[in-house]
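*Asks:* Next input, structure requested:
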Amino acid sequence: MSFGDETAMFDQYTDILQLRKLLAGNTPEDRQWTRDALDVRNRFVLYCEERDAETGEVIRTYSNSGDNSGGEQEKLMAFCLAGALSFNLASPDSNDTRPLFAQLMLDEAFSKSDPQFAQQ
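*Replies:* Predicted structure coming up:
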């Protein structure tokens, strides 16, 4: 879109109006769309295995955070976040998958965690 392109601006405005209509809709389909669009848990399937570091034995599996207790949801999200950060912060030019820097502060994400889990 170039500056002053009235057709492109009108198209964007139309898209925004349609989105606004969906978000404010009262039909069951509109409400379901809004739930799916605003809550990532409804759009992705999450699966994680917790394994013993020494034996490799599966201790627990986690899937879709809505099926788990609050603590299990928190653990699943923490490990997904850690995995995503490790993947995105690792050097793309190396076989070493450790992040390029290690200090990370997550304040609100774990503010209600039990102290032992928050420290981990």
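*Asks:* what stretches of the protein score poorly on pLDDT?
*Replies:* Scanning the chain with the threshold set as pLDDT under 70 gives 1-3, 40-44, 64-68, 97-114, 117-120.
*Asks:* Could I get the full set of strands for it?
*Replies:* With strands called from DSSP state E, the chain shows them at 47-51, 58-63.
*Asks:* Quick check: residue 60 vs residue 7, distance?
*Replies:* 55 Å (CB to CB, to the nearest Å). All C-beta atoms are positioned from the backbone trio N, CA, C, and that covers glycine.
*Asks:* Which of those two has more residues huddled nearby?
*Replies:* residue 60 (11 against 8; other CB atoms under 10 Å).
*Asks:* In JSON lines: the strands of the chain, plus distance to residue 38.
*Replies:* Listed next are the strands of the chain as JSON lines, based on distance: least, CB to CB, whole Å:
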{"stretch": "strand 47-51", "distance to residue 38": "22"}
{"stretch": "strand 58-63", "distance to residue 38": "21"}
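*Asks:* and of those, who's closest to residue 25?
*Replies:* strand 58-63 (30.4 Å; CB to CB).
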